[in-house]
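1. Here is the input, now give the coordinates:
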Amino acid sequence: MLRLSKLTDYAVVVLTRLEEAEEGAVMTAPGLAAATGLAEPTVAKVLKILAQAGLVEGRRGAAGGYRLTRPLAGIPLTDVITAIDGPIALTACVDNAAGFCDAEATCPVRGRWDPVNEAIRRALSGISIADLANAPPLPVHSEAVAAE
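-> Okay, here's the model as predicted:
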């Protein structure tokens, strides 16, 4: 199963909260932690990674904080995943990388995962963070409803 890390999920949450700030305004890590319900050290870690990837920018000083570098509609999901989790791939042999698999010298499908990995990257790059933020929430089913 392809599964993203919790940090990637948290990064999407933090980015969507940042967009809610007034245009040009910044939000602090403690403010974002309070707004998202995430632990402040986690938010600070996510913001640092997102800043290194150029998705947010930080301002120092008494009026400092973080803001988006571009609207959420201009941030593809792939940018966030790659910033937090690294290259998007189903297998360790991503893009003909060497040295990640004990069986690579004799593997009959070596290099054949590249089209699959590329298809996944293309699909995810077509989804912006704004798409996720604006998607209607899925209905929550309680056990009582499921038992009926």
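2. quick one: the helices in this protein?
-> 6-19, 29-36, 40-52, 77-85, 114-125, 129-134, 143-147 (DSSP state H).
3. So what's the residue count around the nearest residue to residue 16 once chain neighbours are set aside?
-> Excluding its sequence neighbours, the residue lying closest to residue 16 (Cβ to Cβ, 6 or more residues apart in numbering) is residue 133, at 4.3 Å. Using the backbone N, CA and C atoms, a C-beta is placed for each residue, glycine as well. For residue 133, the neighbour count with other Cβ atoms under 10 Å is 16.
4. can you tell me which residues contact residue 133?
-> 16, 19, 72 (Cβ atoms under 8 Å, 6 or more residues apart in numbering).
5. Could you tell me which of the residues you listed count as buried?
-> In terms of neighbour count (16 or more other Cβ atoms under 10 Å), the buried residues within those are 16, 19, 72.
6. Return the helix or strand in the chain with minimum mean pLDDT.
-> Every helix and strand of the chain was ranked by mean pLDDT, DSSP states H and E. The lowest is helix 143-147, at a mean of 50.
7. Tell me the pLDDT of residue 93.
-> Looking at residue 93, its pLDDT is 66.
8. tell me which residues in stretch 36-51 are buried?
-> Within stretch 36-51, the residues scored as buried using 16+ other Cβ under 10 Å are 36, 38, 42, 43, 44, 45, 46, 47, 49, 50.
9. that older thread, and the helices of the chain: which comes nearest residue 102?
-> Closest to residue 102 of the helices of the chain is helix 114-125 (Cβ to Cβ; 19.6 Å).
10. That closest one packs against which elements?
-> Under the contact definition 3 or more Cβ pairs under 8 Å, 6 or more residues apart in numbering; DSSP states H and E, helix 114-125 sits against helix 77-85.
11. pLDDT below threshold where in this structure?
-> Applying pLDDT under 70 to the chain flags residues 1-2, 92-100, 135-148.
12. ok, residue 81 touching residue 9?
-> No: the pair residue 81 / residue 9 is not scored as a contact, 10.3 Å apart, by Cβ atoms under 8 Å.
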